[in-house]
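[1] Sequence and predicted structure below; questions after.
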Amino acid sequence: MNVVLSAVPVELAGGASGTFSTAQQFGGALGAATVGTVFFNHAGNGLTDALTAAMPWVTATFVACAALCAALPRRAGTFSPSGV
């Protein structure tokens, strides 16, 4: 979060922080809903089957998050509203 917000001017920091927080909340809710849907669709066949079906989704999500974190810049850049 520090890397993202440090590149934003002070005048826009509140809006950027709110947008970032909203994206985090939305992603968490969407992830929980997806894994929950897969899990409970298979729960009628037993918990082992439900866990077996849900774990690839959980693992793929962790791998995707790790890849995105690795792609983050090591230092914050400068923000330019004009894109220059």
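    Yes, it's here.
[2] before we move on, which element is Ala60 in?
    helix 47-71 (DSSP states H and E).
[3] what's that helix in contact with?
    Gly31, Thr34, Val35, Val38, Phe39, Phe40, Asn41, His42, Ala43 (Cβ atoms under 8 Å, 6 or more residues apart in numbering). C-beta coordinates here come from the backbone N, C-alpha and C atoms, glycine included.
[4] average pLDDT across the helix ranked longest in the chain?
    Criterion DSSP state H: the longest helix present in the chain is helix 13-42. What helix 13-42 shows for mean pLDDT is 93.
[5] Please find the angle between the direction vectors of it and helix 47-71.
    150 degrees (axes from the mean of the first three to the mean of the last three Cα atoms, to 10 degrees).
[6] how about helix 13-42: buried residues?
    Val35, Val38, Phe39, His42 (16 or more other Cβ atoms under 10 Å).
[7] The closest residue in space to the third one that isn't next to it in sequence: how many residues sit nearby?
    The one in question is Phe39. Among residues not flanking Phe39 along the chain, Ala54 sits closest, at 4.2 Å (Cβ to Cβ, 6 or more residues apart in numbering). For Ala54, the count of nearby residues is 20 (other Cβ atoms under 10 Å).
[8] Give me the distance between Thr34 and Val10.
    Going from Thr34 to Val10 by Cβ to Cβ, to the nearest Å gives 37 Å.
[9] same question, Val3
    Taken as Cβ to Cβ, the span from Val3 to Val10 is 16 Å.
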